[in-house]
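Novice: Give me coordinates for this.
(one chain, ligands or ions: 1)
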Amino acid sequence: MRVEPITTVPGKGLPADADGIYALAARSMFQLFSSMSQGMFLADRTGRIVWVNEGYERFLPRLGVMSVDDFLGHMVEEVIPNTQMRRVLETGQPVLIDLLTNSAGTFVVSRLPLRDEEGAVIGAIGIVLFDQPETTLQPLISKFALLQRDLDEARRELAAQRNRSLRAAAHGERRAKYSFASFVGSSPAAVEVKRQARRAAQSMSPVLLLGETGTGKELLAHAIHAASARASGPFVSVNIAAIPESLLEAEFFGVAPGAFTGAERKPRDGKFKLADGGTLFLDEIGDMPASLQAKLLRALQEGEIEPLGSNQIVHFNARVVAATSRDLPQMVRDGQFREDLFYRLHVLPIRVPPLRERRSDIAALVEVLGEDLALRNDMPPPELGVDALELLAAQAWRGNIRELRNVLEQAAMRSDETRITADLLAEVLRSSGVEPLRLPQIMGALSRTSEAAGTITAGEADLLRPLSEQIAELETRAIRAALKAHDGNKLAVARALGISRAKLYDRLAQLNL
Ligand SMILES: Nc1ncnc2c1ncn2[C@@H]1O[C@H](COP(=O)(O)OP(=O)(O)OP(=O)(O)O)[C@@H](O)[C@H]1O
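Specialist: Prediction:
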């Protein structure tokens, strides 16, 4: 497509007629987008790609497409994984700004429908506004997350004030505390977990959040509720590990009036009933005692419960989100967790990645956690230099974000200055019982002895991750390099890597290349 340069008659200024102004504005905007954006393409009404600009061409190899000719004429979803272009063509609604993640990376994109004179959708234009937003937009994303959280908090407070006089706190305490904007992170792993959680929010099926302690499972449970159709209903949370087994049944199912006498068995609603119309968050589901697993299964299957001391069935309508840091499939194999209950909960499983799989989020997390710390303690936010951030990035973070928050908080409390040094962080880590993993270049002369005494390098620290993950990374790198070296010729790639073509195709599909 050629775009005619804008011509105005010198001295005449803007065209006088509305059509002329409209055409001028449309052309100016197109030229602006074409020159300022990272790339643009056009799809026709059927979703077939019909045009691509020069800027976009550099993404083609990352999408596994070797030339413009291999890109043009294809349906958009065949060549751009995860694209939402089809929705724009079907609904005619523009998506002014969105994050797209696929094998080529993460991008900030815009999708606009194109209409004919009668207003019918005849195509759509896709614009890559920013490439690698995790680096280019990081300060903006962190700031936005913080502002969003403050806004959420202010809204909640306002709503709570309004409700207080009407409903003595009952519902107010049971609202979601976090939204997806509270989940800080723009690494591919963080973007992917938010994408899955957002999709889960649209469904009514049970969600199972799996991940190590402190990875943000509870935060995501709140966000799923807040983004679901039940957001105006209650969010009720039960931490199964924190309640004695003898009290759990009453806690879950409630106690019927007149069932018992005695102070500790007063009639009351159970959590299932309290969550009616909303979401019930079952935290630490792996700690559910075997004696109650069958009752929980029945409640989930039938949507009904029997309060303690009653022979009445009570219906409830709560969406269940469960979470655990334990290895549930192994517990099923060991006979500690019922298989039927596992499958009932495992409808929409979401693996929440540990911090060490998304180290690129650490700087943004430090910024947000630091601002939060500052607000709570009425002090300036701590400042961390590159060496301090590198030290944090090298840690194994067994307690994940909760541990990161604690370390930051302790360091801020111990320091007389706003600036937190790498040495102070190392001291805090050590006093928490963690031998800090250090990058040799930031240690200076002082630390030479401790390096010799077994401190490990950044490269070595990076190897302290699940082997399967590292092997998958290596495979991806090897296949990408071979594809590049052999111009995408699969036979040559398979030969170079010493694998069969079938295995190569299998790997390409698995690795989403
Ligand atoms: N992505 C994130 N962005 C900002 N804060 C986070 C993020 N993930 C977790 N946090 C914060 O870290 C702390 C721990 O998170 P959360 O309680 O949700 O983890 P969890 O996985 O449920 O842990 P556990 O399994 O121990 O209950 C909380 O203070 C939470 O607000």
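Novice: Report pLDDT for the residue of the chain found nearest the ligand.
Specialist: Nearest residue of the chain to the ligand: residue 216, at 2.6 Å (Cβ to the nearest ligand atom). (C-beta placed from N, C-alpha, C; glycine too.) If you check residue 216, the pLDDT there is 96.
Novice: so it touches residue 401, yeah?
Specialist: Yes: using Cβ atoms under 8 Å, residue 216 makes contact with residue 401 at a distance of 6.0 Å.
Novice: who has more neighbours, those two?
Specialist: Applying other Cβ atoms under 10 Å to residue 216 and residue 401 shows that residue 216 carries more neighbours, namely 25 against 22.
Novice: Could I get the phi/psi values of the more buried one?
Specialist: phi 110, psi 20 (degrees, to the nearest 10).
Novice: ok now do the residue nearest the centre of the chain, which residues does it touch?
Specialist: For the chain, residue 194 is the residue whose C-alpha lies nearest the centre (Cα atoms, centre = their mean; 2.6 Å). Contact analysis of residue 194 by Cβ atoms under 8 Å, 6 or more residues apart in numbering lists 180, 183, 185.
Novice: Of the residues you listed, which fall within the contact range of the ligand?
Specialist: Contacts with the ligand within the contacts of residue 194, as defined by Cβ under 6 Å from any ligand atom: 183, 185.
Novice: what residues does the stretch 1-150 of the chain put near the ligand?
Specialist: Of all the residues in the stretch 1-150 of the chain, none lies near the ligand, going by Cβ under 6 Å from any ligand atom.
Novice: what about the stretch 1-150 of the chain, any weak spots by pLDDT?
Specialist: Flagging of the stretch 1-150 of the chain using pLDDT under 70 yields the residue ranges 1-12, 134-136, 141.
Novice: mind listing the helices for it?
Specialist: Assigned by DSSP state H, counting those that start in this stretch, the helices in the stretch 1-150 of the chain fall at 18-36, 54-57, 68-71, 76-79, 85-91, 133-136, 138-166.
Novice: any idea how far the residue of the chain closest to the ligand lies from residue 38?
Specialist: Remark: distance between residue 216 and residue 38 (Cβ to Cβ, to the nearest Å) = 30 Å.
Novice: now swap in residue 50 and tell me
Specialist: With Cβ to Cβ as the criterion, residue 50 and residue 38 are 20 Å apart.
Novice: Give me the more crowded residue out of those two.
Specialist: Comparing residue 50 with residue 38 by other Cβ under 10 Å, the one with more neighbours is residue 38, at 19 against 13.
Novice: Nearest residue to that one in space, please, no chain neighbours.
Specialist: Nearest non-adjacent residue to residue 38, counting by Cβ to Cβ, 6 or more residues apart in numbering: residue 128, 4.2 Å away.
Novice: thought that neighbour was touching residue 109?
Specialist: Yes: counting by Cβ under 8 Å, residue 128 does reach residue 109; the two are 5.6 Å apart.
Novice: Those two: which is more packed in?
Specialist: Using other Cβ under 10 Å as the criterion, residue 128 and residue 109 rank with residue 109 on top: 24 against 19.
Novice: in stretch 234-253, what counts as buried?
Specialist: Buried residues in stretch 234-253, counted by 16 or more other Cβ atoms under 10 Å: 234-238, 240, 243, 248-253.
Novice: All the strands of the stretch 351-500 of the chain, in order from the start?
Specialist: In the stretch 351-500 of the chain, the segments counted as strands under DSSP state E, counting those that start in this stretch are 383-384, 419-420.
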